[in-house]
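Trainee: Sequence first, then the predicted structure, then my questions.
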Amino acid sequence: MAEVTVLVCGEPLRGDDAIGPRVAEALSDRVRRRAEVRQVGGLMPDDLLESAGPLIVVDAVRGLPAGTVVDLPLGDVTELEGLGAGPASSHALPLGSVLAIAEHLEGGTLRGRFIGIGGASFELGAPMSPSVEAAIRPAAAKIATWVRALGRREVPSPCA
């Protein structure tokens with residue numbers, strides 16, 4: 001059984017919004033053995049509640065320089081949205097709202113991380129920006145670090 005669930009948001013046909021699925025493809029077999037990787041497109045509360053253990057949510061982010069990788073506790077995603085930045089996938093609700101609904105239904109705080117990658121172009125049929133393409137490996141490395149740490153209930157160094 002997987003120790004951690006990685007929820008991958010994004011639409012592969014919408015330019016930089018394809019970063020989540022592309023990062024998921026870059027995850028090593030070792031990470032895939034320890035984590036359940038699920039492509040969810042637009043995240044909904046049910047996606048969060050179906051996981052028994054810690055979560056990692058991966059998505060493109062509008063409002064950050066393209067290719068910038070952010071690594072935040074799930075509860076801090078609303079801070080991104082407060083700065084005018086936020087997940088870019090076609091969510092029916094803003095990600096902060098989805099997290100709040102899931103936490104309310106769960107009756108507690110969700111444990112996990114948000115790995116976001118700044119994007120520039122989200123048009124249907126657009127290619128991925130070169131700076132976003134360059135962020136695939138660094139984002140996959142952050143996910144690998146958190147899969148190990150959350151599976152063991154450790155907190156890695158912020159420099160990891």
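Mentor: Yep, that arrived. Residues are numbered from 1 along each chain as shown.

Trainee: any low-confidence regions in this protein?
Mentor: 1-2, 81-97, 104, 153-160 (pLDDT under 70).

Trainee: need the helices for it, in chain order.
Mentor: Assigned by DSSP state H, the chain shows helices spanning 19-26, 29-34, 45-49, 77-82, 95-106, 130-133, 136-152.

Trainee: For these, state which one has the densest average packing.
Mentor: Mean neighbour count (mean count of other C-beta atoms under 10 Å) peaks for helix 19-26 among those, with a mean of 22. Using the backbone N, CA and C atoms, a C-beta is placed for each residue, glycine as well.

Trainee: how near is the closest residue to V61 other than its chain neighbours to S129?
Mentor: Closest residue to V61 apart from its sequence neighbours, by C-beta to C-beta, 6 or more residues apart in numbering: G116 at 3.9 Å. Distance, G116 to S129, by C-beta to C-beta, to the nearest Å: 15 Å.

Trainee: Compare those two (neighbour count), which wins?
Mentor: Neighbour count, other C-beta atoms under 10 Å: between G116 and S129, G116 has more, with 29 against 18.
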